[in-house]
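Trainee: Model the following, please.
(chains A and B)
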Number of protein chains: 2
Amino acid sequence: MNKTVLTDCHKRIIPFIHNTPVLTSTLINERLGCKVFFKCENFQRGGAYKIRGATNAILNLREAQRRNGVVTHSSGNFAQAVSLAARSLGVPAHIVMPTTAPKVKKEGVVAYGGQIYECEPTVEARQAKADKIASETGAVFLHPSNDLNVIIGQGTAALELLAEQTDLNFIFCPVGGGGLIAGSSLSAKYFGQDCKVVGGEPFEADDAYRSLISGKIEGNETVNTIADGLRTTLGDINFPIIRENVSKIVRVTEEEIVLAMRLVWERMKIIIEPSSAVTLAALFRDCKENPSDYQNKKVGIIISGGNVDLNQLPF
Amino acid sequence: MNKTVLTDCHKRIIPFIHNTPVLTSTLINERLGCKVFFKCENFQRGGAYKIRGATNAILNLREAQRRNGVVTHSSGNFAQAVSLAARSLGVPAHIVMPTTAPKVKKEGVVAYGGQIYECEPTVEARQAKADKIASETGAVFLHPSNDLNVIIGQGTAALELLAEQTDLNFIFCPVGGGGLIAGSSLSAKYFGQDCKVVGGEPFEADDAYRSLISGKIEGNETVNTIADGLRTTLGDINFPIIRENVSKIVRVTEEEIVLAMRLVWERMKIIIEPSSAVTLAALFRDCKENPSDYQNKKVGIIISGGNVDLNQLPF
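Mentor: Numbering: from 1, shown residues only, chains lettered A, B, ... in the order given. Prediction:
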């Protein structure tokens, strides 16, 4: 692995993605005592960063592989991203979604031309269904987070952020399956100047926090969190990258998530999903517990997505 | 009146306002068959365009007048704007607000240092209370929409939009008290290239539509609309400007307002208030009724604000 893997990926996917804006908020800076730069992947195609990894993975397939299509499983954002990326590249997309996935995300998949297959909301059921489709159709399985091409693609959001703000002291990311934070930590390593990467995770789905302590991949004991994108667990490809390059993981309560989400909606006037609010909540908590670490520092936050079901709001 | 009045005003207020971004949406362009440019005043200081006019009006006061402060009445956005502008300029701000004003807007006024005086939600009660405060304190009354300095200030949003997109065929504005559309129509006249200005108004508060037909200022028969910023009526200073420079006013139903608001929240991931959704709803309606007027044309929309009470959402 070296930095050209990331820059080559970025060049490859640029025609298919937006270089999303970086926003700031005077009020949030004043409250935290540091300068926060929000990388707004909620404005990305498909409403989340996931199109980056999906596009990179499909572009890495051989022509013969592309003809048989791709298959994946996802609670929503990766499903939309694969559908959209596959359509842009003329590739069929088979999407396994749990029955609990938000309606707005299912509608997105259909609108982008993906074919949905429903399954029970467990990791095992998702994988079994996806394997079955792969063997029946010859489609290539794309894992939403535990695939090196996907990880590198997701890392390009932090790469763009560091191109704009070269001297960030921290980058905060949400941690779900681990693809975004693994990719972001590679970008921080190769393009940052001693830029630390911190993960945000709900107490209710704190597998990554416990995995870093135990040194092996842990499952979730509960997934009773509003952050529907963060209910998944780490994988054997992204975990070693995370162990090596992520400084720490900060856990937050459900109340902290909703407060951070509301603050961004009300003050910044942008729609972010609960999984993205986890990251700002983690920064608020760590700023309170370790204020001297952040005083006058520059902190990047990856706002991972804005796909919210407006019929299911927490306020 | 000439174009330098607008450019001088813009130069004067620039240190106190944001030059807000102009966003586009591929999906909305595809649905309408024209290119739409959203001037995002929801990202403005105070969450709405009103800071422009408030700042210009205060900057036009003499030093001796500023010492006694300013007083205004407003359902919310102008109240926040005057508080914020007055604080920036070291001037006391007395704010009359109807008891029905959204809580989030009252909180904004307090946060920006304005002093609130509550009154009944009628035009007469607002004015009586403001007049009383003016006579007791010596504060100068600032009308939220029927004041030439305010009108010119509000027109600078369209001026900035036309500086970025010089060949707009249309600018759509919401119509409440008439300040924004009057100012926008002056900018379109002086800086556009045959750029027509169209107003959007709820059927439930269609005073401006009827005023343009009758040729005199009409009141509202009902104000039963979700667009809380548009319940006011035109004034004798802005009405002649509107009559001369606005092409037409398109009325929309409450259902159309909520649908347009939801579309922008879900697809563009930005928070706009109902009064701003009226404008997009008006464009959707007029595009349907007169499609050939808009085919492949360039349309600017002033997104007037993003101050929404998240506890009172219509979905």
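Trainee: For residue A:199, name its beta-bridge partners.
Mentor: On the basis of DSSP bridges, residue A:199 is bridged to residue A:173, residue A:249.
Trainee: Report the contact partners of it.
Mentor: A:172-175, A:181, A:208-209, A:242, A:246, A:248-250, A:282 (Cβ atoms under 8 Å, 6 or more residues apart in numbering or on different chains). Quick note: C-beta positions are derived from backbone N, CA and C, even for glycine.
Trainee: Spatially central residue for chain A, please.
Mentor: Centrality entry for chain A: nearest residue to the mean C-alpha point is residue A:180, 4.5 Å, by Cα atoms, centre = their mean.
Trainee: For residue B:302, see how far away the spatially closest residue to that one that is not a sequence neighbour is.
Mentor: In space, and not counting its chain neighbours, residue A:180 is closest to residue A:154: 4.6 Å by Cβ to Cβ, 6 or more residues apart in numbering or on different chains. Between residue A:154 and residue B:302 the computed distance is 36 Å (Cβ to Cβ, to the nearest Å).
Trainee: again with residue A:74
Mentor: 38 Å.
Trainee: Repeat that for residue A:128.
Mentor: 52 Å.
Trainee: Please say which of the two ends up with more neighbours.
Mentor: residue B:302 (27 against 14; other Cβ atoms under 10 Å in any protein chain shown).
Trainee: secondary structure class for the more buried one?
Mentor: strand (DSSP: H, G, I helix; E, B strand; the rest coil).
Trainee: which non-adjacent residue is nearest the residue in the stretch 1-150 of chain A positioned nearest to chain B?
Mentor: At 4.6 Å from chain B, residue A:42 is the closest residue in the stretch 1-150 of chain A, using Cβ to the nearest Cβ. Closest residue to residue A:42 apart from its sequence neighbours, by Cβ to Cβ, 6+ apart: residue A:306 at 2.9 Å.
Trainee: what does residue A:103 give?
Mentor: residue A:309 (5.8 Å).
Trainee: of the contacts of residue A:199, buried ones?
Mentor: If you count burial by 16 or more other Cβ atoms under 10 Å in any protein chain shown, the buried members of the contacts of residue A:199 come out as A:172, A:173, A:174, A:175, A:181, A:208, A:209, A:242, A:246, A:249, A:250, A:282.
Trainee: With residue B:27 as the reference, measure out to the fourth one.
Mentor: When Cβ to Cβ is the yardstick, residue A:175 and residue B:27 sit 31 Å from each other.
Trainee: quick one on the thing from earlier: ok, the residue of the stretch 1-150 of chain A closest to chain B - contacts?
Mentor: Contacts of residue A:42 by Cβ under 8 Å, 6+ apart are A:48, A:270, A:271, A:272, A:273, A:276, A:303, A:304, A:305, A:306, B:269.
Trainee: Show me where the stretch 51-200 of chain A has its helices.
Mentor: For the stretch 51-200 of chain A, applying DSSP state H, counting those that start in this stretch gives helices covering A:63-67, A:77-88, A:103-111, A:123-137, A:148-154, A:156-164, A:179-191.
Trainee: Go through the first one and flag the buried ones.
Mentor: Right, helix A:63-67. residue A:66.
Trainee: what does the fourth one give?
Mentor: For helix A:123-137, a neighbour-count test (16+ other Cβ under 10 Å) marks A:123, A:125, A:126, A:129, A:130, A:133, A:134 as buried.
Trainee: wait, residue A:265 sits on residue B:271?
Mentor: Yes. The pair residue A:265 / residue B:271 is scored as a contact, 5.8 Å apart, by Cβ atoms under 8 Å.
Trainee: for the record, mean pLDDT for stretch A:148-167?
Mentor: Looking at stretch A:148-167 alone, the average pLDDT works out to 98.
Trainee: whoops, I mixed them up, stretch A:1-11
Mentor: On average, stretch A:1-11 scores 95.
Trainee: Now do the contacts for the residue nearest to residue A:180.
Mentor: The contact partners of residue A:154, by Cβ under 8 Å, 6+ apart, come to A:49, A:50, A:52, A:53, A:179, A:180, A:182, A:183, A:184.
Trainee: Counting neighbours, what do you get for the second one?
Mentor: Spelled out, it's residue A:50. That count, for residue A:50 with other Cβ under 10 Å as the rule, works out to 33.
Trainee: Identify the residue spatially nearest to it, adjacent ones excluded.
Mentor: Per Cβ to Cβ, 6+ apart, closest to residue A:50 is residue A:81, 3.5 Å.
Trainee: Would you agree residue A:148 is in contact with residue A:237?
Mentor: Yes. Residue A:148 lies in contact with residue A:237 (Cβ under 8 Å); the separation is 5.9 Å.
Trainee: More neighbours: which of those two?
Mentor: The residue with more neighbours, out of residue A:148 and residue A:237, is residue A:148; 20 against 17, by other Cβ under 10 Å.
Trainee: and the gap between the more buried one and residue A:187?
Mentor: 14 Å.
Trainee: cool, residue A:76 as well?
Mentor: 24 Å.
Trainee: just residue A:313 next, same as before
Mentor: 32 Å.
Trainee: Could you say which helix or strand holds residue A:220?
Mentor: Following DSSP states H and E, one finds residue A:220 outside all helices and strands.
Trainee: Hmm, it is touching residue A:230, no?
Mentor: No. Counting by Cβ under 8 Å, residue A:220 stays clear of residue A:230, with 9.4 Å between them.
Trainee: picking that back up, pretty sure the residue nearest to residue A:50 contacts residue A:56?
Mentor: No. Between residue A:81 and residue A:56 there is no contact under Cβ under 8 Å: 10.8 Å.
Trainee: which helices and strands sit right next to the helix or strand where residue A:12 lies?
Mentor: Element membership for residue A:12 (DSSP H and E) is helix A:3-13. Secondary-structure packing of helix A:3-13 (3 or more Cβ pairs under 8 Å, 6 or more residues apart in numbering or on different chains; DSSP states H and E): helix A:50-59, helix A:148-154, helix A:156-164, helix A:179-191.
Trainee: which SS state does the nearest residue to residue A:239 once chain neighbours are set aside fall under?
Mentor: The shortest distance from residue A:239 to any non-neighbouring residue, by Cβ to Cβ, 6+ apart, is to residue A:217 (5.4 Å). Secondary structure, three-state DSSP: residue A:217 is coil.
Trainee: quick one on the thing from earlier: residue contacts, the residue nearest to residue A:50?
Mentor: Per Cβ under 8 Å, 6+ apart, neighbours of residue A:81: A:46, A:48, A:50, A:51, A:53, A:54, A:55.
Trainee: If you rank those by neighbours, which is first?
Mentor: Compared across those, residue A:54 has the highest neighbour count, 37 neighbours, by other Cβ under 10 Å.
Trainee: State the distance from the residue nearest to residue A:42 to residue A:47.
Mentor: Residue A:306 is 5 Å from residue A:47, where distance means Cβ to Cβ.
Trainee: Can you check which residues contact both of the two?
Mentor: Residues within reach of residue A:306 and of residue A:47 at once, by Cβ under 8 Å, 6+ apart, are residue B:269.
Trainee: Tell me which of those two has more neighbours.
Mentor: When residue A:306 is set against residue A:47 and neighbours are counted by other Cβ under 10 Å, the residue ahead is residue A:47, at 29 against 24.
Trainee: So the more buried one is in contact with residue B:269, correct?
Mentor: Yes. Taking contacts as Cβ under 8 Å, residue A:47 lies within contact range of residue B:269: 6.5 Å.
Trainee: which secondary structure elements does the helix-or-strand element of chain A with minimal mean pLDDT contact?
Mentor: Least confident helix or strand of chain A, by mean pLDDT, DSSP states H and E, is helix A:103-111 with a mean of 86. Packed against helix A:103-111 by the contact rule (3+ Cβ pairs under 8 Å, 6+ apart) you find helix A:77-88, strand A:93-98, strand A:115-119.
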